[in-house]
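**Q** here's my sequence, what's the structure:
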Amino acid sequence: MSKFTIHNLETVPAASKAMLEQSNKAYGMVPNLHGVLAESPNTFEAYQVLHKLFSESSFNAEELTVVWQTINVEHGCTYCVPAHTAIAGMMNVDSALSDALRNRAAMPTAKLQALHDTTLLMVRKRGMLSDAEMEAFFAAGYGQQQLLEIILGLSQKVISNYVNHIAHTPTDAPFQQFAWEDNK
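**A** Predicted structure coming up:
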């Protein structure tokens, strides 16, 4: 099995150095995912740009968490589920919502359930939603913009989830308290 390098500020390739320095400044550490992504400057930059754009989408903190964690759990990402559990806490998202997402349980509101269900359908059906599935999403109070923004969030999560799968990225120390295993 190949072992992926988790770069730090001393080993980072020159083209990724500024991005890794920014990660260190923003988080007070170099997240292991970012250390792995640093091997490919273009992939690292794409991930960061997609993360920024999705974070600035029309979704509020709860909705961002629903999209991120729905995808993380469905993809079985043992790195991202703990990280996004901590991130949700930093965003003041109720821990009951995080627990429900981690445990594949019902969402606390019909609107969040519609977001969760539609995100899950996007992943499972590779974006091939039926008219009825889209209408159910719209009937819950979302619009075309939010449907497109699920795809934006999915794009970001495909990068991080897939990288973590192939690199077997270890969970960062601050997130280990939120360790998660896929009990699907």
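
**Q** ok, residue 69 touching residue 102?
**A** Yes: between residue 69 and residue 102 there is a contact at 6.9 Å, judged by C-beta atoms under 8 Å. Every C-beta, even on glycine, is put in place using the N, C-alpha and C of the backbone.

**Q** this protein: helices as residue ranges?
**A** In the chain, the helices defined using DSSP state H lie at 17-27, 32-37, 41-55, 61-75, 80-90, 95-102, 110-124, 131-139, 144-167.

**Q** by how many degrees do the last one and helix 41-55 diverge?
**A** In terms of direction (axes from the mean of the first three to the mean of the last three C-alpha atoms, to 10 degrees), helix 144-167 departs from helix 41-55 by 140 degrees.

**Q** which other helices and strands contact helix 144-167?
**A** Applying 3 or more C-beta pairs under 8 Å, 6 or more residues apart in numbering; DSSP states H and E, one finds that helix 144-167 contacts helix 32-37, helix 41-55, helix 61-75, helix 80-90, helix 110-124, helix 131-139.

**Q** make TSV out of the ones you listed and add mean neighbour count.
**A** Formatted as TSV, these follow (neighbours: other C-beta atoms under 10 Å):
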stretch	mean neighbour count
helix 32-37	25
helix 41-55	16
helix 61-75	23
helix 80-90	21
helix 110-124	18
helix 131-139	13
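
**Q** could these be laid out in a markdown table, adding mean pLDDT and distance to residue 157?
**A** Formatted as a markdown table, the helices and strands packed on helix 144-167 follow (pLDDT from 0 to 100; distance: least, C-beta to C-beta, whole Å):
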| stretch | mean pLDDT | distance to residue 157 |
| --- | --- | --- |
| helix 32-37 | 98 | 12 |
| helix 41-55 | 98 | 9 |
| helix 61-75 | 98 | 4 |
| helix 80-90 | 97 | 7 |
| helix 110-124 | 98 | 9 |
| helix 131-139 | 98 | 18 |
